[in-house]
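**Q** Quick one, structure for this:
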Amino acid sequence: MPAGSKFVIADDHPLFRGALKQALAGLGDVAAILEAGDFEQAKSLLAENDDVDLILLDLSMPGASGLSGLVALRGIHAAVPMVVVSAHDDGETIRRALELGASGFIPKSASMEEIRGAVETVLSGGVFSPPGVDLGVESDPAMSDLIKRLQSLTPQQARVLTMIAEGLLNKQIAYELDVSEATIKAHVSAILQKLGVDSRTQAVILLSKIGADPLQPAV
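**A** Prediction:
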């Protein structure tokens, strides 16, 4: 485990955040544990702390919409390992989370020891999924295609896509990311091409297909 590890816990339930904090504190050399009660806070903490070693992310909290929240955070800081912590712990959800860039998945029913073990696995460079859960294979061809298309986006393109989904205009996104509007237009064009759609609205609809809660196959 890295010396003086820094964690972000993103969950809207204070009691569960407390349980996760207790589990992390038991790992040993912990420099800081930052907490976010909603998705906006989580994004801000990740943007302001480029030395975070790991983030624990609930899929269901205010401002987040299922796995689209994972896509958004990976767009902000793709290098930070992200572990999804969720009560939606079926094989399909776990597999999709891992395919979309999560480094691990911890069911909310996990014990303190299981949480610590999962975090240690991820911090050491591994990927953790709950033992005994059959991840299976994607049965929905449309979802399989969508995940592959989302995987092809660069972190900056993923971030721009999620900002489009938040309703921001190109000039607003350019301001937020401190780049030119022309750069954002280029990103948008690349996003539409990679997703195989013709408009921003269609791109947002596609993203929403992985954002249902509880997570459902694309329709």
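**Q** going forward, measure contacts and count neighbours with C-alpha atoms only.
**A** Will do.
**Q** which residues in the protein form strands?
**A** 5-10, 30-36, 54-58, 82-86, 104-107 (DSSP state E).
**Q** got TSV for the ones you listed, with mean pLDDT, mean neighbour count and distance to Leu98 too?
**A** Listed next are those as TSV, based on pLDDT from 0 to 100; neighbours: other Cα atoms under 10 Å; distance: least, Cα to Cα, whole Å:
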stretch	mean pLDDT	mean neighbour count	distance to Leu98
strand 5-10	92	22	18
strand 30-36	89	17	22
strand 54-58	93	26	13
strand 82-86	93	25	9
strand 104-107	94	24	7
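**Q** mind checking pLDDT for Val219?
**A** As predicted, Val219 sits at a pLDDT of 32.
**Q** Low-confidence stretches in this protein?
**A** For the chain, applying pLDDT under 70 flags the ranges 1-3, 211-219.
**Q** contacting residues for the residue most central in space within the chain?
**A** For the chain, the residue sitting closest to the mean C-alpha position, by Cα atoms, centre = their mean, is Leu70 at 1.6 Å. Contacts of Leu70 were listed using Cα atoms under 8 Å, 6 or more residues apart in numbering, and they are Leu57, Leu59, Met82, Ala97, Leu100, Gly101, Ala102.
**Q** Helices of this protein, start to end?
**A** 14-25, 39-48, 67-76, 91-99, 112-123, 141-151, 155-165, 170-177, 181-195, 200-208 (DSSP state H).
**Q** Any idea how many residues pack against the nearest residue to Phe39 once chain neighbours are set aside?
**A** Leaving out its chain neighbours, the residue that sits closest to Phe39 by Cα to Cα, 6 or more residues apart in numbering is Gly63, at 4.9 Å. By the criterion of other Cα atoms under 10 Å, Gly63 has 14 neighbours.
**Q** Ser109 too?
**A** 12.
**Q** how much space between it and Phe128?
**A** Using Cα to Cα, to the nearest Å, Ser109 is found at 15 Å from Phe128.
**Q** thinking again about what came up before, quick one: which of the helices of the chain is nearest Ile33?
**A** The minimum distance between Ile33 and the helices of the chain falls on helix 14-25, with 7.0 Å, by Cα to Cα.
**Q** Would you mark the buried spots in the closest one?
**A** By neighbour count with 16 or more other Cα atoms under 10 Å, helix 14-25 contains the buried residues Arg17, Leu20, Lys21, Ala23, Leu24.
**Q** List just the nearest of these to Asp198.
**A** Nearest to Asp198 among those: Arg17, at 41.1 Å, using Cα to Cα.
**Q** is it true that that closest one touches Glu35?
**A** Yes: Arg17 is within contact range of Glu35, at 7.4 Å (criterion: Cα atoms under 8 Å).
**Q** picking up where we left off before, go ahead and confirm the residue nearest to Phe39 touches Lys43.
**A** No: the pair Gly63 and Lys43 fails to qualify as a contact (Cα under 8 Å) at a distance of 10.2 Å.
**Q** Got the domain ranges for the protein?
**A** Segmentation of the chain into domains, based on automatic domain parsing, reads 5-123, 141-208.
**Q** Tell me which of the ones you listed is the most buried.
**A** Comparing these by mean neighbour count (mean count of other Cα atoms under 10 Å), domain 5-123 ranks first with a mean of 19.
**Q** can you pull the contacts of the residue nearest to Ala32 when sequence neighbours are not counted?
**A** Counting by Cα to Cα, 6+ apart, Ala32 lies nearest to Lys6, which is 4.8 Å off, once chain neighbours are set aside. Contact partners of Lys6, counting by Cα under 8 Å, 6+ apart, are Val30, Ala31, Ala32, Ile33, Leu34, Asp51, Val52, Asp53, Leu54.
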